[in-house]
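**Student:** all I have is the shape, not the residue letters:
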Ligand SMILES: C[S@@+](CC[C@H](N)C(=O)[O-])C[C@H]1O[C@@H](n2cnc3c(N)ncnc32)[C@H](O)[C@@H]1O
């Protein structure tokens, strides 16, 4: 990923990196080897606890784990040389996600780069798309399917939200980015796009 960015935008400054939706630290760990300091943000305390264990096991001490909210309030006015998010925004409604992306970009330092990954188009087989529709759009639908599928009744739906590329490009443009590169990837059941650019 860093190589790809550097091919287009030149060297990425290896100061501070932000990993939004860091989960258990799968990508914060390699980022910690590349950057002086990494902040891993996640909305889930359980994920942050796992990440903390994973970092300790590997004796990695340059990662700060921080609980997240949509306005990124715990970041204060900190700026990062690299802002990264992967397989996260698809689990957040697009309306909220556009706001989060705007907020993330405010934390980019001058000369910094971002790498933002979204799902552009779900490509579930028709039956699974119908089930997804019923679970997400019909009130109580997920409860019925949880019962039918023998799951815990309260188990939430794993959201796979599509983002509108035009809306995202507008967010980038309004934040001052006009030279934005895209990398497409077919993940299971979803065509995804990673957008990357550098702040002048
Ligand atoms: C599929 S995991 C990906 C984790 C990591 N980026 C990776 O690639 O291994 C998605 C993560 O996004 C986090 N997440 C979901 N909604 C979030 C939100 N609103 N703010 C921050 N993190 C969120 C989840 O808690 C979870 O850890």
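**Tutor:** Perfect, thanks for sending it. Everything numeric in this text was worked out from a predicted model, so none of it was measured.

**Student:** tell me the residues on this structure that lie near the ligand, please.
**Tutor:** Applying Cβ under 6 Å from any ligand atom, we find that the chain lies next to the ligand at 21-23, 26-27, 41-44, 47, 68, 86-88, 91-92. Yep, even glycine has a C-beta here, placed from its N, CA and C like the rest.

**Student:** please repeat the previous calculation with a cut-off of 5 Å.
**Tutor:** Contact residues (Cβ under 5 Å from any ligand atom) of the chain with the ligand: 21, 23, 26, 42-44, 47, 68, 86-88, 91-92.

**Student:** show me these that map onto helices.
**Tutor:** Those of these mapping onto helices are residue 47, per DSSP state H.

**Student:** any idea of the mean pLDDT in the biggest strand by length in the chain?
**Tutor:** Counting residues, the longest strand in the chain under DSSP state E turns out to be strand 108-122. Mean pLDDT, computed over strand 108-122, is 97.

**Student:** sheet partners, orientation included, of that strand?
**Tutor:** strand 80-85 (parallel), strand 190-198 (antiparallel) (DSSP bridges).

**Student:** from these, which stretch is densest packed?
**Tutor:** Stretch with highest mean neighbour count among the strands paired with strand 108-122: strand 80-85 (a mean of 25; mean count of other Cβ atoms under 10 Å).

**Student:** give me the distance between that strand and the centre of its chain.
**Tutor:** Computed by Cα atoms, centre = their mean, to the nearest Å, the chain-centroid distance of strand 80-85 equals 11 Å.

**Student:** how about the nearest residue to the closest residue to the ligand within the chain, chain neighbours excluded?
**Tutor:** The ligand sits closest to residue 23 of the chain, with a gap of 2.7 Å, by Cβ to the nearest ligand atom. Excluding its sequence neighbours, the residue lying closest to residue 23 (Cβ to Cβ, 6 or more residues apart in numbering) is residue 47, at 5.1 Å.

**Student:** that neighbour against residue 22, yeah?
**Tutor:** Yes. With contact defined as Cβ atoms under 8 Å, residue 47 reaches residue 22; the gap is 7.4 Å.

**Student:** TSV for the strands paired with strand 108-122, including mean pLDDT?
**Tutor:** Compiled in TSV, the strands paired with strand 108-122 are given as follows (pLDDT from 0 to 100):
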stretch	mean pLDDT
strand 80-85	98
strand 190-198	97
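
**Student:** ok, now which ones touch the residue nearest to residue 23?
**Tutor:** Residues in contact with residue 47 (Cβ atoms under 8 Å, 6 or more residues apart in numbering) are 22, 23, 24.

**Student:** what's the answer for residue 135, then?
**Tutor:** Counted by Cβ under 8 Å, 6+ apart, residue 135 has contacts 141, 142, 145, 157.

**Student:** give the buried residues for the longest strand of the chain.
**Tutor:** 108, 109, 112, 113, 114, 115, 116, 117, 118, 119, 120 (16 or more other Cβ atoms under 10 Å).
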